[in-house]
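> Need a 3D model of the following:
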Amino acid sequence: MGKVLLIVVLVLLVLAVAQMMRVYELSSKVRGRKEPTITRRENNMNAVLMLVFCIAFFGFVIWQMVAYGMGGKGPSVSIHGEATDWLIGLNFGIIIPVFFLCNALLFYFAFKFAYKKDRDVYYFTHNNKLEMMWTVAPAIVLAIIIVLGLRTWNDITDMSGDYVVHEHTGLVVNDGQVESNFEFKAAYQTVEEAGVGLSNLSGSSKLVLVEKGGEWVLQTYEMDGESALIITEQKKFNSRNSALLSLVDEEVSMFTELKEQKHIEIYSKQFDWTTRYAGKDNALGDANFKLIDYNSWGDTNTFLNPLGLISSETIELHFNRIDARVSYLNEFLGSAEAAFETDEKLAEMTEEMERLKRKKMRVQSTIANDMGLNAMNQSEVNSRVYDDVILKGDIHLVVGQPYQFQFKSQDVIHSAYFPHFRAQMNCVPGMATQIKFTPTMTTKEFREHPDVIAKYEAINKAREKVGKPLVEASFLLLCNKICGLSHSNMWVNVIVETQEEYEAWMADQKTFEQQLQASNLK
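This is a model prediction of the structure:
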């Protein structure tokens, strides 16, 4: 009914405009003047309306900036996100004054130089100085923006530094958990390079917190000569929070933390995300799309391998499923039942059987050989993948932990967009893309931020009016490419928590090896 009313209103509006134009034509004939003739009064009215529109337009733009600010994304919650926001602020700082100045001049000149019959006109055809000014000035501004943008982008996509140094200040205890402000200081490719860099620290920041084999160690770094690095362990703790509480008790106001980037793979397909966390070795196991297996043939073993992870068990299972399917097709094609099928169906089954045989040969030649999956290297290949954790649903991250994300796609181009972390990367079929960021705020802290509280109070007030359930503020991973009919449903929550909360959650998850064991494959 609403659509019908809308169509009726639009039709009536068009008819009203047509009638107004007809009245204007008739009034021109009655007054005895040509229709195109514009009077001085009409010109002046249009000139004044130009100024009125300009003021109203500027007021609307200012209201939008005050009401919506940064687009409702809330505060940045990653280290590089602060640099990205600063870069956006710089762009707006350049664009907004130019926008207001140019439009103000445009509408002012439309007002000032309204048509007058007796006005002399000067035709200003060319000026070299002006041409130079409005060519060089924008070029310089664009060069500055591009250089700063490339520098920020290179920092975000630079994957060379696996070991990251953060400097922490302002330690505060909140509900037994120590919170601190921290900033990125440096990144190093190896632990040895990081140690040399850390040897230059002084004062209270000389204390370095490092995770070692499940323990948290406070230690110092010193150089003995030019090449010898001396590492002195001061104290060991069972948890990171215990180490921080010790620093608070000793009234240490500043310390340094050395962290290794954790590796996470995010696999996209219409219309969901699958997350793979690297295990204790912090290395993602090998994978190949040829081993992607959804058990579409109804095997009695229901184990799935949606990421195509490579292990001796997944290869054997995949071969067994191919052999079983080929055997079934071969038996059916040679049976009496085949006589009741159409030629097209029989040709289709024959093609499927030959295709599966070719696929098995390709897997044998590429994966078993190229990936080194033979008797000598089988244990190494398996160990890399056994400790990986594969999950659908919410993504869990640790606050202050640097992450290196690897993105893959099975079907079409998706775009992994983390709006609160100011991070986005395309997921492209046939290749792996990468990005990194470090969360700086937990989900709990985000929900307590004044801007976030105000935003979600307004959201829930609107939802309550229409009978929808209330929602909580949360970080999100969205698909930012229109990838199909259910594109809008392709999102998951990103939960940022403390190290202790993350470890408690991870302890309840099954590794890939445990999934194989649960399916009686290992």
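> how about the helices in the protein?
2-31, 40-68, 79-112, 128-157, 191-198, 240-249, 312-333, 343-365, 378-386, 443-447, 450-465, 499-506, 512-518 (DSSP state H).
> what's the offset of the second one from the middle of its chain?
Right, helix 40-68. A distance of 38 Å separates the centroid of the chain from that of helix 40-68, by Cα atoms, centre = their mean, to the nearest Å.
> Compute the inter-axis angle for that helix and helix 79-112.
If you take axes from the mean of the first three to the mean of the last three Cα atoms, to 10 degrees, helix 40-68 sits at 170 degrees to helix 79-112.
> buried sites along helix 40-68?
For helix 40-68, the neighbour count (16 or more other Cβ atoms under 10 Å) marks Ala47, Met50, Cys54 as buried. Bear in mind the C-beta positions are built from the backbone N, C-alpha and C, glycine included.
> Which elements pack onto it?
Judged by 3 or more Cβ pairs under 8 Å, 6 or more residues apart in numbering; DSSP states H and E, helix 40-68 is in contact with helix 79-112.
> in stretch 455-472, what's buried?
For stretch 455-472, by 16+ other Cβ under 10 Å, it's Tyr456.
> CA atoms of that stretch as PDB?
Provided in PDB are the C-alpha atoms of stretch 455-472 (Å, rounded to 0.1, in the frame of the first residue of the first chain):
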ATOM      1  CA  LYS A 455      25.900   6.000  20.000                       C
ATOM      2  CA  TYR A 456      24.500   2.700  21.200                       C
ATOM      3  CA  GLU A 457      22.000   4.400  23.500                       C
ATOM      4  CA  ALA A 458      20.600   6.100  20.400                       C
ATOM      5  CA  ILE A 459      20.700   2.800  18.400                       C
ATOM      6  CA  ASN A 460      18.900   0.800  21.100                       C
ATOM      7  CA  LYS A 461      16.300   3.500  21.600                       C
ATOM      8  CA  ALA A 462      15.400   3.300  17.900                       C
ATOM      9  CA  ARG A 463      15.400  -0.500  18.000                       C
ATOM     10  CA  GLU A 464      13.200  -0.600  21.100                       C
ATOM     11  CA  LYS A 465      10.600   1.600  19.300                       C
ATOM     12  CA  VAL A 466      10.200  -1.000  16.500                       C
ATOM     13  CA  GLY A 467      10.400  -4.000  18.900                       C
ATOM     14  CA  LYS A 468      13.900  -5.200  17.900                       C
ATOM     15  CA  PRO A 469      16.300  -6.800  20.400                       C
ATOM     16  CA  LEU A 470      18.900  -4.400  22.000                       C
ATOM     17  CA  VAL A 471      22.500  -4.700  20.800                       C
ATOM     18  CA  GLU A 472      25.900  -4.200  22.500                       C
END
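> Give me the mean pLDDT for that stretch.
Here stretch 455-472 scores 91 as its mean pLDDT.
> likewise stretch 159-172?
82.
> and it, how far from the chain's centre?
21 Å.
> Please enumerate residues in contact with that stretch?
178-191, 193-194, 197-198, 205, 244, 247-248, 252-261, 400, 402, 404, 434, 436, 438 (Cβ atoms under 8 Å, 6 or more residues apart in numbering).
> With stretch 219-226 instead?
Residues contacting stretch 219-226 (Cβ under 8 Å, 6+ apart): 195-196, 198-199, 201, 206-208, 210, 229-234.
> follow-up on the earlier one: closest to Phe421 out of the helices of the chain?
Closest to Phe421 of these, according to Cβ to Cβ: helix 79-112, at 5.6 Å.
> So which bits of that closest one are buried?
Neighbour count says helix 79-112 has Ile79, His80, Gly81, Glu82, Ala83, Thr84, Leu87, Phe107, Ala110, Phe111 buried, by 16+ other Cβ under 10 Å.
> Could you export those as CSV, including pLDDT?
Output for the buried residues of helix 79-112, formatted as CSV (pLDDT from 0 to 100):
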residue, pLDDT
Ile79, 87
His80, 87
Gly81, 88
Glu82, 86
Ala83, 88
Thr84, 90
Leu87, 91
Phe107, 93
Ala110, 90
Phe111, 90
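> Leu478: which of the residues you listed is nearest?
Distance to Leu478, by Cβ to Cβ, is smallest for Gly81 among the buried residues of helix 79-112, at 15.5 Å.
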